[in-house]
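Undergrad: mind looking at a prediction? Sequence and model below.
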Amino acid sequence: MQALHFGAGNIGRGFIGKLLADSGIKVIFADVNEKIIDLLRSQGSYRVKIVGDNLDLVEEVNNISAINSKDIDGLIPLFTQVDLITTAVGPNVLKIIAPTLAQGILARLAQGNTRPLNIIACENMVRGTSFLKEQVFAHLPQEARASAERLIGFVDSAVDRIVPPVQADEADPLLVTVEAFSEWIVDQTQFKGEIPTIKGMEKTDNLMAFVERKLFTLNTGHAVTAYYGKLKGYRFVRESIEDPEVKAFVKAVMQESGAVLIKRYAFDPQAHSAYIEKILQRFANPYLTDEVDRVGREPLRKLSYNDRLIKPLRGTLEYGLAHQNLMRAVATALHYRNEQDPQAQELQHYLCAKGVRATLQKYCELQEEGLIEEIAAIYHEIK
């Protein structure tokens, strides 16, 4: 079995690419980074350092090759050969690679290849593959869409593994460091043909439960740790969560967002409480150096209507649940400042020009006057 994987960065190599290769699948990495592609092609392998509690080991990933994504003449024929396509390129890049995927699908159909092909976007976004499908189909001629619908599976997934950027090892530039924990859950109802057996890939017919569990817990908690830690002058996530005040607040926020999950999906309260504790332990992993500015970057996206702060807050309103800590989390995020981040700059400029209430209405799309007033009051109290 062969897989074409778009994205040869740390997550691509340290998470998805490794799981595929560990399962005996030949992985062909596609990326625009010439240095990385040349190294992968010449070495035919790379190393992954896995760190965690009482764990520090290095594993070698073999059975791989690579191609530059710009080499269209070499890339498109691969679509006729592979059985699986995966991505780890970042949500904003999906739209960029969509025309290439459409071209590859057309080449596959033109060849008369009727073997099912499954595409999985392994991105930190809700229903990322469904978004990718929309972009790909926009580049397919009408007469090809029915065949693509029948033969190409676009499979949504939820992915979870902390892979922070680290200084490249000059002696081993392909080495990537990852935490021991990983979770890759796929929507089994969206596959075409036989579902491949991949080590570490879990199948479910209720993906949204797991998507929101991650969004409302890991993503919410990570962002709040970064924003509150930044406010208190910390540089790293680990030192932020080691502050008892920060940890207590982050846990309280995740308990409020967790109450929404328990109500919506009938999660077991004790099991979800244990999941929260596991997340807090992961933030404190002494082997991972993750800066609060990396985790807190792009605050406008993180404060948007369906993302990690506003969506769980809306859930508490839907079910009549407590949300004092979630409101404070939103107010704290509004204080985020980072001169290197265009979104942080835009947020602060709009706050100065229009005020908190207008900011919450524009970027968070909140309409509830009472809620907006409460968050604004907390914002000024923090200030």
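TA: Sure, I can see it.

Undergrad: isn't there a strand covering Val89?
TA: No. Counting by DSSP: H, G, I helix; E, B strand; the rest coil, Val89 falls outside a strand, being coil.

Undergrad: what's the distance between the closest residue to it other than its chain neighbours and Ile28?
TA: Distances taken as CB to CB, 6 or more residues apart in numbering put Gly7 closest to Val89, at 4.1 Å, once the chain neighbours are dropped. Quick note: C-beta positions are derived from backbone N, CA and C, even for glycine. Distance of Gly7 to Ile28, computed by CB to CB, to the nearest Å: 12 Å.

Undergrad: between the two, which has more neighbouring residues?
TA: Higher neighbour count among Gly7 and Ile28: Gly7, with 26 against 20, using other CB atoms under 10 Å.

Undergrad: surely the more buried one meets Leu94?
TA: No. Here Gly7 lies out of contact with Leu94, judged by CB atoms under 8 Å, at a distance of 10.3 Å.

Undergrad: where do the contact lists of the two overlap?
TA: Counting by CB atoms under 8 Å, 6 or more residues apart in numbering, the residues touching both Gly7 and Leu94 are Thr87.

Undergrad: any idea how far the residue nearest to Val89 is from Ile37?
TA: Going from Gly7 to Ile37 by CB to CB gives 11 Å.

Undergrad: tell me, what's touching these two both at once?
TA: Contacts common to Gly7 and Ile37, judged by CB under 8 Å, 6+ apart, are 29, 31.

Undergrad: how many neighbouring residues does Lys70 have?
TA: Using other CB under 10 Å, Lys70 is surrounded by 13 other residues.

Undergrad: for the nearest residue to it once chain neighbours are set aside, give me the pLDDT.
TA: Spatial nearest neighbour of Lys70, excluding adjacent residues (CB to CB, 6+ apart): Val32 at 6.0 Å. Per-residue pLDDT puts Val32 at 97.

Undergrad: so what touches the host helix or strand of Ala102?
TA: If you go by DSSP states H and E, Ala102 is part of helix 94-110. For helix 94-110, contacts defined as CB under 8 Å, 6+ apart pick out 6, 69, 72, 75-80, 85, 87, 89, 117, 119, 121, 123, 128, 131-132, 135-141, 144, 147-148, 151-152.

Undergrad: buried subset of those?
TA: 6, 69, 75-76, 78-80, 85, 87, 89, 117, 119, 121, 123, 128, 131-132, 135-137, 140, 144, 148, 151-152 (16 or more other CB atoms under 10 Å).

Undergrad: among the residues you listed, which ones are in strands?
TA: Judged by DSSP state E, strands contain the following of these: 6, 85, 87, 117, 119, 121, 152.

Undergrad: just the closest of the residues you listed to Tyr228, please.
TA: Ala121 (30.8 Å; CB to CB).

Undergrad: kind regards, and thank you for your time.
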